[in-house]
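S.K.: sequence and predicted structure are below.
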Amino acid sequence: MTPMEIELSPDRILKKPSLHDGCLYGIVAGEGKEVRLMVKDHQKKPYVISLGNVGSMNVMHFWGGDIILDVSLIPIKEVPLHTLQGLFHDRITDDRKISDAISREGRKYLFVLECSYGAEVFATCDQMQVAAE
């Protein structure tokens, strides 16, 4: 698989390829710190989202076949606190401790995949690539 050129909107939402109304159907944590998410766009075309050098990760409510609302890649310094809270949901609740944990990791981005219903995926990482399967 060859990574394709991606396009993010000004608010850091993945626009190319468009995965809105597509589905998340698999998550694989490989050796080391790579994570792959198997997704399809609304026309059922499969893609693999690869996250490199993943630090903290939280996957909640994965049902399989979840309908994707948005996929975002946000520089850590621009992430709103309420979004960081999703990364540490029920593990760290104090805002200062969340900020400290993020600082210690030293990752560049927060990856967020939100579904209309079902899964929410949060991961700190240093890169994201998308490839057609």
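M.R.: Looks like it came in fine.
S.K.: show me what the biggest strand by length in the chain is packed up against.
M.R.: Assignment by DSSP state E gives strand 66-75 as the longest strand of the chain. The contact analysis (3 or more Cβ pairs under 8 Å, 6 or more residues apart in numbering; DSSP states H and E) places strand 66-75 against strand 14-16, strand 23-29, strand 109-115. Any C-beta I mention is one placed from the backbone N, CA and C, and that applies to glycine too.
S.K.: what comes up buried for it?
M.R.: 66, 67, 68, 69, 70, 71, 72, 73, 74 (16 or more other Cβ atoms under 10 Å).
S.K.: so the third one sits against residue 19, correct?
M.R.: Yes - look at residue 68 against residue 19 with Cβ atoms under 8 Å: they come within range, at 4.9 Å.
S.K.: any common contacting residues for the two?
M.R.: Residues within reach of residue 68 and of residue 19 at once, by Cβ atoms under 8 Å, 6 or more residues apart in numbering, are residue 39.
S.K.: give the buried residues for the longest helix along the chain.
M.R.: Longest helix of the chain, by residue count under DSSP state H: helix 95-105. The neighbour-count check on helix 95-105 (16+ other Cβ under 10 Å) flags 98, 101, 102 as buried.
S.K.: please apply the same query to stretch 42-52.
M.R.: By neighbour count with 16+ other Cβ under 10 Å, stretch 42-52 contains the buried residues 47, 48, 49, 50, 51, 52.
S.K.: again, but for stretch 114-125
M.R.: Buried residues in stretch 114-125 (16+ other Cβ under 10 Å): 114, 115, 118, 119, 120, 121, 122, 123, 124, 125.
S.K.: pLDDT score for the first one?
M.R.: At residue 114 the predicted local distance difference test score is 93.
S.K.: what sits against the closest residue to it other than its chain neighbours?
M.R.: Nearest residue to residue 114 in three dimensions, chain neighbours excluded: residue 69, at 4.6 Å (Cβ to Cβ, 6 or more residues apart in numbering). Residues near residue 69 by Cβ under 8 Å, 6+ apart: 20, 114, 115, 116.
S.K.: alright, calling it a day.
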